[in-house]
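Peer 1: Model the structure of this input:
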Amino acid sequence: MARISKSEREEINKKVYKPLMWIAIASIVMLFAGFSSGYIVSKADSVWLKIVLPDEFMTSSIIIVLSSITFFVAQRCMAKNKMAAAKILVGLTLALGILFIVYQMKGFEKLNEKGSFFSNGKVSMVIEKGEYGKDYFLMKNDIELAEKDGKFYDPIDAGFLKPIENLDFEKANRSASYIFALTGIHIAHLIGGILSLLFVFIKTLRGRYTSENYLGMQVSSIYWHFLDFLWLYLFAFLTFF
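Peer 2: Predicted coordinates:
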């Protein structure tokens with residue numbers, strides 16, 4: 001039985017690992033597309049509480065963009081055989097990935113402080129603890145309501161003459177549930193990316209990659225850049241929809 005040479009094995013890996021990663025990415029895209037569709041359908045309900053994301057989520061967005069940049073430059077350094085720089089940049093990418101999660105957790109804490117929880121929060125809790133226009137908005141039939149002295153009005157009621165009655169403030173805060181679900185699932189996938197980064201970092205430190213063969217780093221970077229763009233999509237989606 002003929003043995004497969006090292007170069008042949010490397011070529012086989014290139015043909016297998018990258019397509020598998022793209023298949024995995026496609027399945028993740030479908031997962032988040034389903035959640036996004038559910039959010040849009042739920043938002044069309046008669047009353048919808050629009051939660052404003054805390055500033056920590058913007059900070060985490062900047063951090064994950066920086067991590068993509070450092071990982072991209074790390075690959076360029078590896079391709080040019082600049083091993084010392086590649087080690088530093090991969091380590092920096094790993095640190096930024098962990099820092100991203102730290103700021104996401106801080107964002108969750110701020111949401112909790114303002115009355116938003118994954119499952120047991122109520123609209124009334126957000127209204128009580130938050131500030132209208134800064135922490136939340138209230139929408140009815142997809143139209144943003146006006147607020148004055150704790151009462152809510154149709155935006156065409158410029159004189160605030162007739163407050164809207166029968167708003168169910170005791171209903172579950174589903175908008176917060178979607179925020180926690182979408183960001184939480186993203187973090188779960190990001191932890192997988194961090195483990196991949198850790199593996200790449202260890203191999204880089206041990207000199208297991210060369211300028212001719214750094215497939216593991218390339219595959220890991222595809223996944224990491226995807227997570228970056230996925231978060232930017234989620235951040236924009238939850239901010240503007």
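Peer 1: Identify each buried residue in the helix or strand containing Ser27, please.
Peer 2: Element membership for Ser27, per DSSP states H and E: helix 6-43. Neighbour counts using 16 or more other CB atoms under 10 Å place 21, 25, 28, 32, 36, 39, 43 of helix 6-43 among the buried residues. Every residue, glycine included, has its C-beta placed from N, CA and C.
Peer 1: any idea which of those residues is closest to Ile179?
Peer 2: Nearest to Ile179 out of these is Tyr39 (CB to CB; 9.2 Å).
Peer 1: for the buried residues of helix 6-43, which one is nearest Tyr214?
Peer 2: Nearest member of the buried residues of helix 6-43 to Tyr214, counting by CB to CB, is Met21, at 14.8 Å.
Peer 1: quick one on the thing from earlier: what is the helix holding Ser27 packed up against?
Peer 2: Using 3 or more CB pairs under 8 Å, 6 or more residues apart in numbering; DSSP states H and E, the elements in contact with helix 6-43 are helix 174-205, helix 215-240.
Peer 1: can you pull the buried residues of the shortest one?
Peer 2: The neighbour-count criterion (16+ other CB under 10 Å) identifies 216-224, 226-228, 230-231, 234-235, 237-238 as the buried residues of helix 215-240.
Peer 1: Quick one: distance of the helix or strand that comes right after the helix holding Ser27 to the chain centre.
Peer 2: Using DSSP H and E, the helix or strand that follows helix 6-43 in sequence is strand 47-51. Strand 47-51 sits 20 Å away from the centroid of its parent chain (CA atoms, centre = their mean, to the nearest Å).
Peer 1: quick one: average confidence on the helix or strand following strand 47-51?
Peer 2: In the C-terminal direction, the helix or strand that comes right after strand 47-51 (DSSP H and E) is helix 55-79. The average pLDDT within helix 55-79 is 96.
Peer 1: and whichever helix or strand comes after helix 55-79, what does it pack onto?
Peer 2: The element immediately downstream of helix 55-79 (helix or strand, assigned by DSSP H and E) is helix 83-113. Judged by 3+ CB pairs under 8 Å, 6+ apart, the packing partners of helix 83-113 are helix 55-79, helix 174-205, helix 215-240.
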